[in-house]
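Colleague: Starting from these lines, generate the structure:
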Amino acid sequence: MTIQEFLAKGEELGGKAGVLGGIQDYFRSHGPRLHQSCERFGLFSERLGDVLEIGPFYGYTPFLLRPRSFSYTVLEGDDPVVRPLEPLYREHAIALHYVDFFEMFGPTRSATHKLPLSDAQFDTILCWETMEHFNFNPVGFVRELHRVLKPGGRVRITVPNKASFQNVAALLTGRGEKALIENYYHFENTMLGDKKAFYGFHWREYSAPELSRLFSDAGFQVQSCGTFNAFQGRRRIGAGRRMLRLLLRITAPIFPRHRTHVCLVATR
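Modeller: This next block holds a predicted model:
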């Protein structure tokens, strides 16, 4: 599937869901990076078997990858903003389950530390830029991925790189620190259902060695864990941003540790 086909299909799905005027901007900005991740993992060319995807939001990857799977299950955050996608999930025979990962794995009395899934249920597990939004110890979550994966199955994970040049530069210059704290206050009283909650923050990003160690210590065999550069699909970018992207592309072979994203493939 070409990038043009990928983006066009996302627009078609957004039209069916009736969200072209708002939340569709999420797909428009993330679509090129999602396509790049799918290509990097070979998802457009292999049979995926029974698939579990965690937190796709408006990336539309479940609908685009469904033809390559035997079954498809989605675990999505219980956020009313994703409700318009429910008819599409039914139309494509995708099992959608709403879960609250913070209640499930966080330090709460009701935490089960268990996914509502059977042992050895999936051949493929996908999780695109979701783990950085977890504000709890991720070990239990990763152990659960190992439990529900079939022997020989694969997980494919991407996260923003904690060691990226952007993050290093932000720490050295102080850029963004003021905006970060302002965002904490801005979303302090955000309501999600009947509670105050906002899941959009990046609570914990990972470097490649950290992500590899996290999965290997949970029993996975890490096949590969590296970095890649991927950028938001902005319609207009300023000269400064264009120069930064060019610089990142040029320096990527010399400083691979500092690319923008981390990608991991691991088996059980």
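
Colleague: Just the element for G42, please.
Modeller: Counting by DSSP states H and E, G42 is held by no secondary-structure element, helix or strand.

Colleague: Next, count neighbours for it.
Modeller: Using other C-beta atoms under 10 Å, G42 has 11 neighbouring residues. (Each C-beta comes from the backbone N, C-alpha and C, glycine too.)

Colleague: Next: the one 10 residues further on.
Modeller: Other residues near L52 come to 25 when the count uses other C-beta under 10 Å.

Colleague: For it, which residues are in contact?
Modeller: Counting by C-beta atoms under 8 Å, 6 or more residues apart in numbering, L52 makes contact with T73, V74, L75, L117, Q121, F122, T124, I125, L126, V148.

Colleague: Just the closest of those to R156, please.
Modeller: The shortest gap between R156 and any of the contacts of L52 belongs to L126, at 5.4 Å (C-beta to C-beta).

Colleague: and the closest one, what does it touch?
Modeller: Here L126 is in contact with L43, V51, L52, E53, I54, T61, L65, V155, R156 (criterion: C-beta under 8 Å, 6+ apart).

Colleague: Could you confirm it falls within a helix?
Modeller: No: secondary structure of L126, determined by DSSP: H, G, I helix; E, B strand; the rest coil: strand, with no helix assignment.

Colleague: if you look at the contacts of L52, which of them are in helices?
Modeller: When these are checked against helices using DSSP state H, the ones located there are V148.

Colleague: So which of the contacts of L52 is the closest to Y89?
Modeller: V74 (6.8 Å).

Colleague: Pull up the per-residue confidence for the closest one.
Modeller: V74 carries a pLDDT score of 98 in this model.

Colleague: Specify the beta-bridge partners of it.
Modeller: With DSSP bridges as the criterion, the beta-bridge partners of V74 are E53, L96.

Colleague: Wait, it touches E53, no?
Modeller: Yes: counting by C-beta atoms under 8 Å, a contact exists between V74 and E53, whose distance comes to 5.3 Å.

Colleague: ok, H258 to A169 distance?
Modeller: According to C-beta to C-beta, to the nearest Å, H258 stands 10 Å off from A169.

Colleague: So which of those two has more stuff around it?
Modeller: In terms of neighbours (other C-beta under 10 Å), H258 is the more surrounded of H258 and A169; the figures are 20 against 13.

Colleague: Looking at V74 and E53, which one has more neighbours?
Modeller: Neighbour totals were compared for V74 and E53, and E53 leads with 24 against 21 (other C-beta under 10 Å).

Colleague: who does the lengthiest helix in the chain touch, helix- and strand-wise?
Modeller: Longest helix of the chain, by residue count under DSSP H: helix 24-40. Taking 3 or more C-beta pairs under 8 Å, 6 or more residues apart in numbering; DSSP states H and E as the contact definition, the neighbouring helices and strands of helix 24-40 are helix 3-17, helix 61-65, strand 261-267.

Colleague: That one vs helix 3-17, what angle?
Modeller: An angle of 140 degrees separates the directions of helix 24-40 and helix 3-17 when computed by axes from the mean of the first three to the mean of the last three C-alpha atoms, to 10 degrees.

Colleague: how about helix 24-40: buried residues?
Modeller: Buried residues in helix 24-40, counting neighbours by 16 or more other C-beta atoms under 10 Å, are found at 24, 26-28, 30-38, 40.

Colleague: can you tell me how far G106 sits from F141?
Modeller: 10 Å.

Colleague: ignore the last one, V74
Modeller: Applying C-beta to C-beta, the value for V74 to F141 is 16 Å.

Colleague: M131: which of the helices and strands packed on helix 24-40 is closest?
Modeller: With C-beta to C-beta as the measure, strand 261-267 is the member of the helices and strands packed on helix 24-40 nearest M131 (10.0 Å).

Colleague: Could you dump the buried residues of helix 24-40 into a markdown table with distance to T2 added?
Modeller: Formatted as a markdown table, those follow (distance: C-beta to C-beta, whole Å):
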| residue | distance to T2 |
| --- | --- |
| Q24 | 20 |
| Y26 | 21 |
| F27 | 16 |
| R28 | 17 |
| H30 | 17 |
| G31 | 12 |
| P32 | 12 |
| R33 | 15 |
| L34 | 14 |
| H35 | 8 |
| Q36 | 12 |
| S37 | 15 |
| C38 | 11 |
| R40 | 15 |
